[in-house]
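Chemist: Kindly return the folded structure for what I paste below:
(3 chains)
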Amino acid sequence: MIAEIPMEHGLLIAAVLFCLGLLGLLVRRNLIIMLISVEIMLNAAGLAFIVAGAHWGQPDGQVMFIFILTMAAAEVAVGLAVILQFYWKHHSLDADLASTMKG
Amino acid sequence: MTVAFYITAAIALLTTMRVVTHTNAVHALLYFVISLLSVALMFYLIGAPFVAALEVIIYAGAIMVLFLFVIMMLNVGEEHARQERDWLSRRFWAGPGVLCAALLAITAWVIIETAHPSVGHEVVGARDVGASLFGPYLIAVQLAALLLLGGLVGASHLRRHDRRTPLRTDGGKGGES
Amino acid sequence: MYDLVWLLPALPFAGFLVLTLGGPRISRGACAWIACSTVGISTAIMLAFAVGFLIHPPAEHAHTLTLWRWIPLEAVGIPFSLRLDTLSQAMASVITGVGFLIHLYSTEYMKMDPDYNRFFAYLNLFVGFMLLLVLADNFVLLLVGWEGVGLCSYLLIGFWYRDPANGRAARKAFVVTRIGDAALLIGIFLIFAELGTLHIPEVLALAPERWELGSGVALAAALLILGGAVGKSAQLPLQTWLPDAMAGPTPVSALIHAATMVTAGVYLIARTHGLFELAPPAMQTVAVIGSVTLFTAACAALVQRDIKRVLAYSTISQIGYMFLALGVGAWAGALFHFMTHAWFKALLFLAAGAVINALHHEQDLFRMGGLRKKLPLVFWTFLIGAACLAALPLVTSGFYSKEKLLWDVWISPYGGPWFWAVAMAGAFVTALYSARLVALVFFGPARTQVSARPGGRVGFVLVILAIWSLIGGGIELPHTFAHVTVFSDFVAMTIPTLVELPPGLDAQLWTLLAVASVIVVAGATLGAWLYGAGAPAREALAARTGAVHRFLMNGWEFDRLYDTILVRPYVRLAEWNRADGVDKAVFLITGLTRAAHVAIQRTQHGQLRRYAAGVATGAVIILLIMLFQ
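Modeler: As a prediction, this is how the structure comes out:
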């Protein structure tokens, strides 16, 4: 039950997903959606690793994906805690409110 | 099976697009779960069943539920949805769109320029991955454990709600407190 | 014995160091002892040297002591060496002698001053630098002393620095003399470039070999040195600082601005006489400057109201006489007049200081008067000083020195009747203002109450100086009186005289002496009549000559002239040129930095989305670079 596909197709899909995540990060102002966009980008990077790993038939790509997964979990934990604090402070999820450090 | 791969890929792209554009956070999150499930299927189809399972269990399961909990906790209402629609007006899209298109074009060009063979000849199962993780990548695994511990401590520290700071009721204009 | 010459400047310098480092820890009594004893010992050594030179002169009439190699250069090393010859002895004996007496006088005069120690430290420093100046045997060391005394002059004019006017006077003195000093420095460079040495005796020996009589280089060198001398000695056109320099304490005026420092120009010209002899036009210039200065300053002295300004203008005038003598080649005459002038002008200043102190710091002549009975000692000593200044015949040293000077001017090949006539006119005015001074201060009705009487040390110093002023002229007499030429012989050991006395002119000399005596007595009588008889005659005179009076009062309006043609245009130029090209270039740097700061500051907007966009843009750019490499 293995799909034989050209490698560039897999990578292209990963690239498109990554760019969509970047687009979401740049466009949205809702902090939760921005965090989700970051998750999309991480996921796209993971996909690229898996595709490359499948090309070689080696487990290294999957190992890398597991590390990405770990990092994403830690990041989400901290990120959501920060979002909660932010909301309690500003009563809003608008990322642009956090601009007190402008020059 | 190749057809199935492309169908799941299309679903992943479409749902991800909805994630980026949806005004309701809960709906966006659910679309993202679908996107993750599609990606998990893609993993499975190109011979990585172990990470496909992890993707479903950890990503689509644990992490997304965490998001859901937070959204429920914040209890954002209809007012926020309307604000979101204002923020998503057309004029905000031009710059980021151009930037992302440029990045995509460059990446795609690089990917297409280099000749690649096809992938998905063999299945690399959990045994191989495990052997690799606890073999050459042992130190990285320990570092990842440290990272998780750090995330745990950080999250439990940041979670604390300082009662002394009064709840802002003015809609949060301005940053000083 | 002569190797002890290093002690002469070293002792006052040591006194200065002790007083400066000790500061307020040294009591007033100890301070006075240190200051006076250092200069006093120098005086004793100096007297021993002078006696030794008279009895048994060393080889070539000079003794050189090289202390150490000072500035070792490949081409020419400059040693730190002192040269003792009769010229420097004549100067140094006056500096130490008058300096010691003025130190003694100051211990009492300054006793109420809170900055007692500072005063004596400066005074000691001055004496040290002045001795260094006259003992130096190369131009570099001479310049050190030259600038050092300028510094001390600045410090002491502005001694009471809390009054801004004193600070202004000090700055004026410093800046104006600096003009002359710049000329002197250029002159020294010129001499070094042309002759390759800075050792003064070598310069004087080499110059006639290398330079022809009347050559341009010699003229330039002589004129540049003259510039330095003119600035230091307050001659036209750099005389304007001296009247203002009277802002300092009176002993300072007596020591620095009458007896010693202002005559450094006379010493410099006498020291470099060989260069001037090579350039007759420079000699003529010296004589013309001297004669013009002596007359203009005497006229200005005639109308001043401030007793110290009268004496300041009279100092300028008397130094004018010395310059006239130098210009006609009468080296001994100039130095003899320098010597007697140092005694009697110090006497006049110190007596004036006693008067000022007695009248509670009153300096206006028209508020004095009637002091003859109340301050008899000061009256008699001041009278002696004024008589010397006026050159009253026969009894005063001023008469002998001035007559020798005038006689030299008359017979010198460089001089002549015209210079003599100007000098006689100056002598008439000098007698006039001397009589005016005495009449206004000591005769007539008393206008201010006497609040303090001079004490023992002041009286002692005044008497010593008065005695010297009376009998000091005896070391050199006109040959028709008696053949006493101690001083000119002494000077001639170092500077060969230019003025040879042709025989058979006794009748002429008698005539000149008689004419001069008559003119001086007439001037003194006229002054006594005008200012002694009372107010009516004086006021009528002042009313009739109002504009002239004002003109002379302001010192021939030189200050206003310089202000108009030099100071104001310069200030205007400076203001106009405030933002010049260099400034613009400097400001461009700050401007660019500030603009860059503002531009980069804009990127710190605090919005997360834009930071992310920045990261993405960077990624795009880096990818592009990697692709197209």
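Chemist: what's the pLDDT at residue 15?
Modeler: Here I'm looking at chain A. Residue A:15 carries a pLDDT value of 93.
Chemist: ah, no, chain C please
Modeler: So residue C:15 comes in at 89 (pLDDT).
Chemist: Test my guess that it contacts residue C:41.
Modeler: No - the criterion here is CB atoms under 8 Å, and residue C:15 misses it with residue C:41 at 9.8 Å. For every residue, glycine as well, the C-beta is placed using N, CA and C.
Chemist: Pick out whichever of those two has more residues nearby.
Modeler: residue C:15 (28 against 17; other CB atoms under 10 Å in any protein chain shown).
Chemist: in what helix or strand does the more buried one lie?
Modeler: Applying DSSP states H and E as the criterion places residue C:15 in helix C:7-22.
Chemist: For that helix, buried residues please.
Modeler: C:7-13, C:15-16, C:18-19 (16 or more other CB atoms under 10 Å in any protein chain shown).
Chemist: what's downstream of it, the next helix or strand?
Modeler: Taking DSSP H and E, what comes next after helix C:7-22 is helix C:28-55.
Chemist: so after that following helix, what's the next helix or strand?
Modeler: Moving toward the C-terminus from helix C:28-55, the next helix or strand (DSSP H and E) is strand C:62-71.
Chemist: On the pLDDT front, check residue 97 for me.
Modeler: You didn't pick a chain, so chain A it is. Residue A:97 is assigned a pLDDT of 80 by the prediction.
Chemist: hmm, I had chain C in mind actually
Modeler: 89.
Chemist: that older thread, okay, the angle between the helix holding residue C:15 and strand C:62-71?
Modeler: Angle of helix C:7-22 versus strand C:62-71, following axes from the mean of the first three to the mean of the last three CA atoms, to 10 degrees, is 50 degrees.
Chemist: Return the residues of chain A in contact with chain C.
Modeler: Remark: the part of chain A in contact with chain C comprises A:22, A:25-29, A:34, A:95-96, A:98-103, using CB under 8 Å from any CB of the partner chain.
Chemist: Just say helix, strand or coil for the residue nearest to residue B:47 when sequence neighbours are not counted.
Modeler: Leaving out its chain neighbours, the residue that sits closest to residue B:47 by CB to CB, 6 or more residues apart in numbering or on different chains is residue B:123, at 4.5 Å. Following DSSP: H, G, I helix; E, B strand; the rest coil, the label given to residue B:123 is coil.
Chemist: Excluding residues flanking it in the chain, which one is nearest the residue nearest in space to the middle of chain A?
Modeler: For chain A, the residue whose C-alpha lies nearest the mean C-alpha position (CA atoms, centre = their mean) is residue A:39; its distance is 2.6 Å. Once flanking residues are discounted, residue A:39 sits nearest to residue A:72: 6.2 Å by CB to CB, 6+ apart.
Chemist: My guess is that neighbour contacts residue A:41. True?
Modeler: No - if you go by CB under 8 Å, residue A:72 and residue A:41 don't touch, sitting 10.0 Å apart.
Chemist: who's more crowded, the two?
Modeler: residue A:72 (21 against 18).
Chemist: per-residue pLDDT, residue C:383?
Modeler: 88.
Chemist: Also the one 5 residues further on?
Modeler: Looking at residue C:388, its pLDDT is 87.
Chemist: outside of the strand or helix carrying it, which residues touch it?
Modeler: Under the criterion of DSSP H and E, residue C:388 resides in helix C:376-390. Residues from elsewhere that reach helix C:376-390 (CB atoms under 8 Å, 6 or more residues apart in numbering or on different chains): C:314, C:318, C:340, C:343-345, C:347-348, C:351-352, C:354-355, C:358, C:371-372, C:395-399, C:427, C:430-431, C:434-435, C:437-438, C:441-442, C:454, C:459, C:462-463, C:465-466, C:469-470, C:520, C:523-524.
Chemist: Got a quick ChimeraX command for the buried subset of those?
Modeler: Burial among the contacts of helix C:376-390 is assessed by 16+ other CB under 10 Å; the matching ChimeraX selection reads:
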select /C:314,318,340,343,344,345,347,348,351,352,354,355,358,371,372,396,397,398,399,427,430,431,434,435,437,438,441,442,454,459,462,465,466,469,470,520,523,524
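Chemist: How is chain B partitioned into domains?
Modeler: For chain B, automatic domain parsing gives the domain ranges B:2-119, B:125-158.
Chemist: what's near enough to touch residue C:188?
Modeler: Per CB under 8 Å, 6+ apart, neighbours of residue C:188: C:139-140, C:143, C:198.
Chemist: re earlier: pull the contacting residues for the residue nearest to the centre of chain A.
Modeler: A:21, A:72, A:76, B:32, B:63.
Chemist: repeat that for 10 Å
Modeler: A:21, A:24, A:72, A:75-76, A:79, B:19, B:32, B:35-36, B:59, B:63-64, B:67 (CB atoms under 10 Å, 6 or more residues apart in numbering or on different chains).
Chemist: Pull out the buried positions in the helix or strand harbouring it.
Modeler: In the assignment (DSSP H and E), residue A:39 maps to helix A:31-56. Neighbour-count burial for helix A:31-56 flags A:31-55 (criterion: 16+ other CB under 10 Å).
Chemist: which helices and strands does the helix holding residue C:15 pack with?
Modeler: In terms of contacts (3 or more CB pairs under 10 Å, 6 or more residues apart in numbering or on different chains; DSSP states H and E), helix C:7-22 is packed against helix C:28-55, strand C:78-85, helix C:86-109, helix C:116-135, helix C:139-157.
Chemist: What parts of chain C come near chain B?
Modeler: Chain C comes close to chain B at residues C:606, C:609-610, C:612-613, C:616-617, C:619-621, C:623-624, C:626-627, as judged by CB under 10 Å from any CB of the partner chain.
Chemist: Save those residues as TSV, and put in pLDDT, distance to residue A:10 and neighbour count too.
Modeler: Shown next, in TSV, are the residues of chain C next to chain B (pLDDT from 0 to 100; distance: CB to CB, whole Å; neighbours: other CB atoms under 10 Å in any protein chain shown):
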residue	pLDDT	distance to residue A:10	neighbour count
C:606	77	39	15
C:609	81	30	19
C:610	83	32	16
C:612	87	26	19
C:613	88	28	18
C:616	90	23	20
C:617	91	27	14
C:619	90	21	16
C:620	90	23	17
C:621	92	27	11
C:623	88	20	16
C:624	89	24	12
C:626	86	22	10
C:627	84	21	11
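Chemist: so of those, which ones are in helices?
Modeler: Using DSSP state H, the subset of the residues of chain C next to chain B located in helices is C:609-610, C:612-613, C:616-617, C:619-621, C:623-624, C:626-627.
Chemist: Can you tell me the number of residues neighbouring the closest residue to chain A within chain B?
Modeler: Per CB to the nearest CB, residue B:151 is where chain B lies closest to chain A, at 2.9 Å. The tally of other residues near residue B:151 (other CB under 10 Å) stands at 21.
Chemist: Now for it: which residues touch it?
Modeler: A:70-79, A:81.
Chemist: need the contact list for the closest residue to residue C:133 other than its chain neighbours.
Modeler: Excluding the flanking residues, the one nearest residue C:133 by CB to CB, 6+ apart is residue C:145, at 2.9 Å. Residue C:145 is in contact with C:9, C:128-136, C:264, counting by CB under 10 Å, 6+ apart.
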